[in-house]
Every structure is written in structure tokens, then in C-alpha cells.
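Student: Any chance you could fold what I've pasted below:
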Amino acid sequence: MNEVNNGPLVKRIGGSPGNALSNNFKLDNNKVLQEAWELTKTTKPPFLLGAIIIYLIAIAGSVILEPLQVDLATIEETGVIPFGMLVSQLVLQVVVAVLLAGLISMGLRNAVRHVKSSEGETTLVPENSPKMVFSHFAGAWPIAAIEVVKMVGMLALVTLGIMLASPLGLAVNTLLGIFMLISLTFAVGLSLAVPLVIKDQLGPLKAIRISLTVVFRQFFAFLSIYAVLTILFMLSIFTLGIGLIWVIPLFYNVKGILYREIFGIETHVIAKNNIL
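Tutor: Take a look at the predicted model:
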């Protein structure tokens, strides 16, 4: 334990890397979702303002890169995804991923904001700010590397689906659907990789390996949580997007709580009798 300015200490709240890697943890999905919902009631504004900033940047990027885009009919006819389209999509996805890492950081902070350490100390956690969406650009390369691995994997599956569609006598959309399901499974497996980079400063390859290992050992527990969040997201569309006011913060609060329960989160704590 490290002492900070002879006052607050740094302690790991929640789980531990050792327990995570030995699969010595159990997720209570109901408790995770319930705690995240309670957090969401009081933590919405920074998430929503940050999400709006990301949305505007993504729209601007799409407009700038629009000349490089090609419709699915053209890709199906030629059987090739243009290189310019691949690069433009990858650049946009990487930029958005680095911005979204700020929302992940908000969720990680919230996960320990009102939690006491095992010795009863109170956590000291800075307030979230929408500006946190820009906070990871200085050290963006590990996050970018994880996103590149994810995108290359998904694009490889899409390309393979297009190439195999005609020889197998299947519709392109059918085969693409199958490969997209595989891609989504891969995405769930990587769901802890960016938090591992943010909170425990792991390299991208190690973060990917650990995330895949931990998630796939209890895949259906993770899948059920993300399925609930996906359903809530889809239902929010029928409210003209109003439901996103709750679903976006809920998603990132869930991610933060999952990380706390599995790996634990190091944060500053202070004894109760030292609080003025």
C-alpha cells in the first residue's frame, strides 16, 4: 500500500487480478444491474454531455470521410471492400474508441465512489466531467491497438463472408449475419480490455489476452448482462432516443462495477476519523 501525502492511501476496492485470473469470482447479475441503476439516477449529466460530444465528432468524421464510402451492393458485385473505405472506417472507429474510453473512466470512478474499503476507509474519487472524453488521447496507442485488433477481426470475418457467399450458394446477408454473430461474441470477450489498459496500465496484447480469458470462462454471465443492456438500448429507440438518457449511463456504470467486482479498482481512501 502506498501512502499519498501522509494522508490518503491507495487501496484496491473489490476483486483482485489474482482471483480474476484463477476464475475465483462470482457475478451476481441482478446486484450488478441494481447497483448500476442506483448510480445512474445521480450520475447522468457527465455521461450524456460526453456522449453528445462523441456523437457530434462521429457525425463530423462521417461527413469528412463520406467520399470514401461504398454501398453494400457495389461490394457484393465486386467481391472486394475498397482499401480507402477500410482505412476510413478504421480511423473513425479508433477515434471514437479513444473518446469512449472517457465514458469508461467515468463508470470506473462511479464504481468506487460510494464504496468503503475492507478496513472501512472512505474512497476519495474526483468528480466526473464531460471533458474526460478527451483525457485518453495523450496515451491513446494501447486503446487504438485494441480497437484495431477488434476491427481487423470483424472486417476479416465480413470479407470472408462475402468471399464464401457465392461458392456456398448463400445470400450475402445470411452469411454476413452469421459472421456478425461471431464478431459480437469476440466483442463481448474484449469488453474488459480497455478498462484493463485504463486502470491497470496493461499493454494492449496482455489486456486482450486477459479479457478474453476471464470473460470466456464465465461467458454466459457476461452475455446475459450485455443482452439486458442491448434490449434496453433497442427499447430506447422506440422512445425516440429518450431512453438513452438512462441507458448510456447505465451501460458504463455496469462496465465499471463489473471491473470492480472482477479485478478490483485502485483508488485513494481515507480513514473516517480523518475526514473534516
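
Student: Show me where the stretch 151-276 of the chain has its helices.
Tutor: For the stretch 151-276 of the chain, the helices defined by DSSP state H, counting those that start in this stretch cover 172-189, 193-200, 204-217, 219-237, 244-262.

Student: Including mean pLDDT, could those helices go into TSV?
Tutor: Below are the helices of the stretch 151-276 of the chain laid out as TSV (pLDDT from 0 to 100):
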stretch	mean pLDDT
helix 172-189	74
helix 193-200	95
helix 204-217	95
helix 219-237	93
helix 244-262	96
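
Student: Minimum distance to Arg109: which of these has it?
Tutor: Arg109 lies closest to helix 244-262 among the helices of the stretch 151-276 of the chain, at 7.2 Å (CB to CB). For the C-beta atoms, the positions are set from N, CA and C on the backbone; glycine is no exception.

Student: Can you check what angle separates that closest one from helix 219-237?
Tutor: Relative orientation of helix 244-262 versus helix 219-237 (axes from the mean of the first three to the mean of the last three CA atoms, to 10 degrees): 170 degrees.

Student: hang on, the earlier thing: of all the helices of the stretch 151-276 of the chain, which one is nearest Val10?
Tutor: Among those, the nearest to Val10 by CB to CB is helix 193-200 (12.1 Å).

Student: Check which helices and strands that closest one sits against.
Tutor: Contacts defined by 3 or more CB pairs under 8 Å, 6 or more residues apart in numbering; DSSP states H and E place helix 193-200 against helix 83-113, helix 141-168, helix 204-217, helix 244-262.

Student: and the shortest one, how far out from the chain's middle?
Tutor: Meaning helix 204-217. Between the centre of helix 204-217 and the centre of its chain there are 13 Å (CA atoms, centre = their mean, to the nearest Å).

Student: Buried residues in that helix, which are they?
Tutor: 204, 207-208, 210-212, 214-215 (16 or more other CB atoms under 10 Å).

Student: deepest of the helices and strands packed on helix 193-200, which one?
Tutor: helix 244-262 (a mean of 24; mean count of other CB atoms under 10 Å).

Student: CA atoms only: put that one into PDB for me.
Tutor: Provided in PDB are the C-alpha atoms of helix 244-262 (Å, rounded to 0.1, in the frame of the first residue of the first chain):
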ATOM      1  CA  LEU A 244     -30.800   6.700 -23.900                       C
ATOM      2  CA  ILE A 245     -30.700   9.300 -21.100                       C
ATOM      3  CA  TRP A 246     -30.700   6.300 -18.800                       C
ATOM      4  CA  VAL A 247     -29.300   3.500 -20.900                       C
ATOM      5  CA  ILE A 248     -26.000   5.200 -21.800                       C
ATOM      6  CA  PRO A 249     -25.000   6.000 -18.200                       C
ATOM      7  CA  LEU A 250     -26.300   2.500 -17.100                       C
ATOM      8  CA  PHE A 251     -24.100   0.800 -19.600                       C
ATOM      9  CA  TYR A 252     -20.900   2.400 -18.500                       C
ATOM     10  CA  ASN A 253     -21.800   2.100 -14.800                       C
ATOM     11  CA  VAL A 254     -22.300  -1.600 -15.300                       C
ATOM     12  CA  LYS A 255     -19.000  -1.900 -17.000                       C
ATOM     13  CA  GLY A 256     -17.300  -0.100 -14.100                       C
ATOM     14  CA  ILE A 257     -19.000  -2.300 -11.500                       C
ATOM     15  CA  LEU A 258     -18.100  -5.500 -13.400                       C
ATOM     16  CA  TYR A 259     -14.400  -4.400 -13.500                       C
ATOM     17  CA  ARG A 260     -14.500  -3.600  -9.700                       C
ATOM     18  CA  GLU A 261     -16.100  -6.900  -8.900                       C
ATOM     19  CA  ILE A 262     -13.600  -8.900 -11.100                       C
END
